[in-house]
Structures are given as structure tokens and as C-alpha cells.
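**Student:** here is a sequence with its predicted model. Questions after.
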Amino acid sequence: MCGIAGIYNFRSGRPAAPGELRAMGACLAHRGPDDEGYYEEGPLGLAHKRLTILDTSRRGRQPMFTADGQLAITYNGEVYNFLELRADLEARGHTFQTQTDTEVILRLYQVEGESMLSRLNGMFAFAIWDRRTKRLFIARDRLGIKPLYFTLNADGIAFASEVKALFAGTGETPRVELEMLDAYMSVGYVPTERTLFQGIEKLQPGWCMTVDQDGLRTRQYWDLAPSPEEMSEEECVRRSLGLLRDSVRLQLRSDVPLGVFLSGGVDSSAVVALMHEMGIRDIRTFTVAYDFGPEFDETRYARQVAQKFGTVHREIFVSPREFQEFIPSLIWHMDEPVTESAAISLYFVSKLAREDVVVVLSGEGSDEVFGGYPIYKYMAALERYRLLPPSLRQGMINPVLNRLGGKWNKYTELSNQPLAKRYTGVSFFETPVKDALYRPEVKNLFNGSAMPGLVGRYYDKTEGLDPLLRMMYLDVKSWLPDDLLIKADKMTMANSLELRVPF
């Protein structure tokens with residue numbers, strides 16, 4: 001796990017400035033405290049900050065080159081099936097100089113080109129420079145576990161693991177992208193490829209980018225196929241457990257100590273149980289709670305799991321003062337605004353874990369996979385309610401419910417809207433609150449919520465499918481990468497800790 005950055009002045013041909021590149025790298029020092037590397041070649045510059053996980057020797061330092069010197073890579077992430085990929089390449093006559101997954105990715109690209117992306121099982125953001133063709137190839141993993149930001153300017157493109165590195169390279173003052181403000185105020189983050197910074201975009205999950213003298217081209221190399229498959233409950237359980245076992249097994253590959261974030265909930269407890277099932281007996285688990293009273297303390301559940309599986313268990317309690325004093329650092333580490341108070345918990349438990357381990361597993365992503373959010377039930381119930389004749393619903397039932405007041409007014413209002421407008425993600429501020437906060441000139445920019453337009457593409461993809469499946473697909477494409485996984489990446493890497501997410 002690392003921090004990466006780069007510059008390619010493909011438009012102007014101006015040589016990449018070493019000072020700019022090193023300023024970008026310095027902003028990412030927390031992501032890779034073990035080593036660093038820089039490479040400049042004319043208009044191209046690559047930077048890398050390394051956190052050593054596989055092959056801790058200096059042979060694994062980056063940017064890494066192929067033996068013939070044609071290709072160079074700067075890479076952040078872990079490809080969990082690298083041993084299987086390496087064995088396949090060795091069977092085809094290829095040899096390796098390191099024990100890293102970085103070298104496997106580089107060699108696989110050399111052999112198979114961009115199609116190699118379909119073979120990678122893992123989390124990644126990387127850039128590969130071809131010195132012969134003067135082409136830069138950038139890719140991000142399927143679900144957006146690892147971040148990648150970029151900006152275009154008169155010279156060309158700059159990219160980095162974090163937004164702050166892009167501004168460090170240019171020295172420009174960040175400016176707000178006002179048209180994205182309503183999206184942020186609606187859900188507490190900015191979905192899709194957009195950000196709240198003018199001129200800064202995210203490479204979307206499952207997308208890749210090619211940059212050369214002919215310009216910049218992006219394409220989607222992978223997407224979920226949200227098609228239902230009928231099976232018995234027994235078969236569903238069997239297949240789900242098989243997939244989760246395989247995921248946990250692969251993600252235990254490491255040359256440094258690893259542990260688990262244990263909340264005591266079903267997801268993280270399942271990860272611990274499967275590790276124990278695989279014969280691991282010295283599992284290290286870490287739990288965070290707030291020192292605000294018993295209603296904010298779930299450590300009793302985590303302790304039960306830790307005791308059952310005999311883990312080496314540690315806890316940390318965050319006081320109100322610690323919570324408050326960390327907020328300025330939260331803003332610096334998070335880069336783009338994400339309204340997640342749980343990020344503060346994650347930072348402190350990451351800090352605790354880093355005292356003992358370098359890699360942790362967590363239960364992130366399970367609610368999206370298994371439909372665990374309560375709001376899905378409410379939205380599905382409203383969808384069934386909308387099947388009633390409009391005259392009955394709007395003329396008779398809604399007026400009675402409205403007289404009850406409270407949340408019933410909200411539900412009747414929502415029942416008048418189709419799913420694609422009614423559910424655009426977990427809400428933060430509702431429309432009346434936003435309207436009260438916006439100045440008239442700002443409110444006029446939006447002309448209604450921006451969210452349906454931003455996420456409408458995901459509903460278009462799932463037209464005609466079950467409402468639950470449509471909502472889950474939307475959240476996997478927006479809420480998961482743009483809120484949960486961004487928070488998880490930024491808070492763990494703030495402590496130079498690698499987070500793996502088996503679900």
C-alpha cells in the first residue's frame with residue numbers, strides 16, 4: 001500500500017519539474033513512510049511513497065522497471081492472486097527478480113497489454129509508462145477501493161492518490177465547484193467522477209485511462225452485471241460462504257503482521273471466525289468506542305467474539321476532547337469533504353492497530369453485498385404502495401396520513417416520486433433544510449436537487465429490475481466508493497496502515 005503521483009505534459013511537452021514532483025510526493029509521505037522513488041523523463045514524471053507489505057527488501061522499490069527498461073510503474077494496492085498470475089507467467093517462460101505483486105502487474109501488462117486488467121483480483125490504482133510509445137496507462141480497481149484523482153491543465157495531466165498532492169504540485173488555491181455543492185449537501189459526499197474542487201476529477205472504479213500525444217481517452221473495463229439469479233437459500237449460503245472464504249484466504253497474504261478491525265457486528269466477526277477456521281491462532285483484533293456513555297460502547301460484543309476465538313484483543317476509547325481536537329486533522333487527511341463522523345473512530349482505531357500490525361482486514365462493504373441497510377425496506381415498501389391506484393393513494397389514503405403529521409408527511413411526499421428520484425443514496429440534509437441554508441443566488445444554481453441527474457445513469461442501467469437490486473447497485477457505484485471506501489482509505493493511510501476489505 002502506497003502513495004502515487006505523476007505528471008505527463010503531453011500537450012506542451014514541457015519537462016516535468018522535479019520540484020513539483022517532489023512536492024506532490026511529500027504530501028503523500030504518510031501513505032508510504034518506508035521508501036520513496038522518483039523518475040523524470042522529458043514531459044513525464046512519476047513519484048512513489050512506499051509502505052512495504054510484500055518483499056520488504058529494496059528490490060521492491062518503485063517506480064519499478066521491466067528488465068529491458070521499456071516500462072515503468074508506480075502502483076498503490078495489493079493484487080491478491082499475484083502468486084497464481086506469477087506461476088502462470090513462469091510456466092510461459094518468464095522470470096522474476098522480486099517477490100512483489102508490482103513486478104507481476106508490470107510483466108502481465110508487458111505480455112497482455114490492457115486486457116490484463118480482467119485477471120487482477122485485488123485493490124489498486126497504478127500508472128504504467130511506456131518509454132517507447134510515450135504512452136501513459138492508468139487504471140483503478142473494480143470497486144474503487146483505492147483512490148485516484150487527476151486534473152487537466154494547459155501542459156497536460158497530473159494525477160495522485162490524494163487531492164492535496166495535486167495542489168502541492170501546482171501551488172494553486174483550491175476553488176469550490178459550486179454546481180456540486182447540492183450533491184454534497186444532499187448525501188454528505190460527491191458521487192461519480194466529480195469532486196467539490198474545480199478541475200479535479202476521480203478516475204471512476206472499473207475504468208482506465210490512456211494518455212499520449214493524441215490526447216486522453218478513458219474507458220470502462222468492468223462493471224457489475226446486476227442480473228438476478230434464482231437459487232435456493234441453501235445454495236445461496238453455500239456459494240456466499242465459499243466466496244467469502246476464498247476472499248479472506250487470499251487477503252491473508254502478507255510479509256508483515258496483520259490484524260482485524262472487530263466491532264462485534266456480523267461482518268467483522270465473520271472475518272475473525274473464518275481466519276480462525278483457517279488455522280490462524282494469533283489473530284490480533286482492535287476495537288474502538290466512544291467515552292460518551294454505555295449507549296456509545298459496543299465493546300462487550302467485540303469482547304465476546306475475541307474470547308470465543310482467542311484473539312489478542314485491544315481497545316481504545318475516544319473522549320469528547322479527542323474527537324473535537326482531531327477535526328482539523330480529519331479535514332486535512334480526508335481531502336474532499338465526506339460527512340462521516342465514523343471516520344474519526346476509524347482514525348483512532350487505525351492508530352492503535354499500527355502499534356502492532358501493518359495490515360488489517362475489516363467488514364466494509366457487507367451491507368452493500370447483502371442489502372443490510374434499513375432504508376432499503378422503507379423504499380421497497382413505498383414502491384409497493386405506489387402500485388395502488390393514484391386516485392386511491394393520493395385522493396384518500398395520503399390525506400389521512402398527512403393529518404397524522406411527523407414522518408407520515410415525508411412518506412406521502414416520497415410516495416409521489418419514482419424510485420430514481422426518491423432514493424438517490426443515504427440522505428444527509430433534506431430539501432427543506434437545504435433551502436433554508438442556501439442563499440437565493442446559490443439556490444438558483446441548482447433548480448432542484450442535483451442528485452437524480454448525477455446518479456440517474458445507474459438507474460438507467462437497472463431499468464426493469466427489482467427495486468432492491470436497483471438501490472443496491474446504486475450504492476455499490478456511489479455510496480460505497482465515494483463515501484465508505486474513501487473514508488476507509490484516508491483514515492487508515494493517515495496512520496500508514498493498509499486496510500483490506502474481503503466483502
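**Tutor:** That came through fine.
**Student:** what about the strands in the stretch 401-503 of the chain?
**Tutor:** With DSSP state E, counting those that start in this stretch, the ranges of strands along the stretch 401-503 of the chain come out as 498-500.
**Student:** okay, and the helix or strand of this structure with the least pLDDT?
**Tutor:** Lowest on mean pLDDT, DSSP states H and E among the helices and strands of the chain sits helix 440-446, with a mean of 81.
**Student:** got the contact list for that one?
**Tutor:** Applying C-beta atoms under 8 Å, 6 or more residues apart in numbering, the contact partners of helix 440-446 are 178, 179, 181, 182, 435, 438. The way it works is simple: take the backbone N, C-alpha and C, and place the C-beta from them, glycine included.
**Student:** let's go with 7 Å and repeat that
**Tutor:** 178, 179, 182, 435 (C-beta atoms under 7 Å, 6 or more residues apart in numbering).
**Student:** low-confidence stretches in the stretch 201-350 of the chain?
**Tutor:** The model of the stretch 201-350 of the chain has no residue with pLDDT under 70.
**Student:** so what does the helix or strand where residue 38 lies touch, helix or strand wise?
**Tutor:** Following DSSP states H and E, one finds residue 38 within strand 35-41. Helices and strands touching strand 35-41, by 3 or more C-beta pairs under 7 Å, 6 or more residues apart in numbering; DSSP states H and E, are helix 18-26, strand 44-50.
**Student:** direction included, what does the shortest one pair up with?
**Tutor:** So the one you mean is strand 44-50. Strand 44-50 sits in its sheet next to strand 2-8 (antiparallel), strand 35-41 (antiparallel), going by DSSP bridges.
**Student:** which of those is buried the deepest?
**Tutor:** Across the strands paired with strand 44-50, the average number of neighbours (mean count of other C-beta atoms under 10 Å) peaks for strand 2-8, which reaches a mean of 29.
**Student:** what's next to that one, contact-wise?
**Tutor:** With contacts defined as C-beta under 7 Å, 6+ apart, strand 2-8 is touched by 16, 20-21, 24-25, 28, 31-32, 43-51, 74-76, 125, 127, 136, 156-161, 165, 169, 211.
**Student:** quick one on the thing from earlier: now do the strand holding residue 38: distance to the chain's middle.
**Tutor:** In terms of C-alpha atoms, centre = their mean, to the nearest Å, the centre of strand 35-41 is set 26 Å apart from its chain centre.
**Student:** export that strand as PDB, just CAs?
**Tutor:** The C-alpha trace of strand 35-41 is given here as PDB (Å, rounded to 0.1, in the frame of the first residue of the first chain):
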ATOM      1  CA  ASP A  35      10.800   4.300   1.000                       C
ATOM      2  CA  GLU A  36      10.400   6.700  -1.900                       C
ATOM      3  CA  GLY A  37      11.300   7.000  -5.500                       C
ATOM      4  CA  TYR A  38      11.100   9.500  -8.400                       C
ATOM      5  CA  TYR A  39      11.600   9.200 -12.100                       C
ATOM      6  CA  GLU A  40      11.600  12.000 -14.700                       C
ATOM      7  CA  GLU A  41      11.900  11.600 -18.500                       C
END
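**Student:** could you give the angle of that strand to helix 18-26?
**Tutor:** Strand 35-41 and helix 18-26 are oriented at 150 degrees to each other (axes from the mean of the first three to the mean of the last three C-alpha atoms, to 10 degrees).
**Student:** helices along the stretch 201-350 of the chain, start to end?
**Tutor:** Using DSSP state H, counting those that start in this stretch, the helices of the stretch 201-350 of the chain run over 233-251, 266-277, 299-309, 320-334, 342-353.
**Student:** how about these in a markdown table, adding mean neighbour count and distance to residue 407?
**Tutor:** Below are the helices of the stretch 201-350 of the chain laid out as a markdown table (neighbours: other C-beta atoms under 10 Å; distance: least, C-beta to C-beta, whole Å):
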| stretch | mean neighbour count | distance to residue 407 |
| --- | --- | --- |
| helix 233-251 | 14 | 33 |
| helix 266-277 | 19 | 28 |
| helix 299-309 | 17 | 29 |
| helix 320-334 | 13 | 29 |
| helix 342-353 | 21 | 24 |
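**Student:** how about CSV for those helices, with distance to residue 399 added?
**Tutor:** Converted to CSV, the helices of the stretch 201-350 of the chain look like this (distance: least, C-beta to C-beta, whole Å):
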stretch, distance to residue 399
helix 233-251, 41
helix 266-277, 41
helix 299-309, 45
helix 320-334, 45
helix 342-353, 40
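**Student:** which of the helices and strands packed on strand 35-41 sits most buried?
**Tutor:** strand 44-50 (a mean of 27).
**Student:** assess the claim that residue 485 and residue 142 are in contact.
**Tutor:** No: counting by C-beta atoms under 7 Å, residue 485 stays clear of residue 142, with 11.6 Å between them.
**Student:** out of these two, which sits in the busier spot?
**Tutor:** residue 485 (23 against 20; other C-beta atoms under 10 Å).
**Student:** quick check: beta-bridge partners of residue 361?
**Tutor:** The partner residues for residue 361, given DSSP bridges, come to residue 260, residue 500.
**Student:** can you get me a residue count around it?
**Tutor:** 27.
**Student:** also residue 399?
**Tutor:** Other residues near residue 399 number 10, with proximity taken as other C-beta under 10 Å.
**Student:** ok, residue 76 next?
**Tutor:** 31.
**Student:** would you verify that it is located in a helix?
**Tutor:** No: read with DSSP: H, G, I helix; E, B strand; the rest coil, residue 76 is strand and lies in no helix.
**Student:** in JSON lines: the strands paired with strand 44-50, plus distance to residue 402.
**Tutor:** Formatted as JSON lines, the strands paired with strand 44-50 follow (distance: least, C-beta to C-beta, whole Å):
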{"stretch": "strand 2-8", "distance to residue 402": "53"}
{"stretch": "strand 35-41", "distance to residue 402": "62"}
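**Student:** of all those strands, which lies closest to residue 219?
**Tutor:** strand 2-8 (17.9 Å; C-beta to C-beta).
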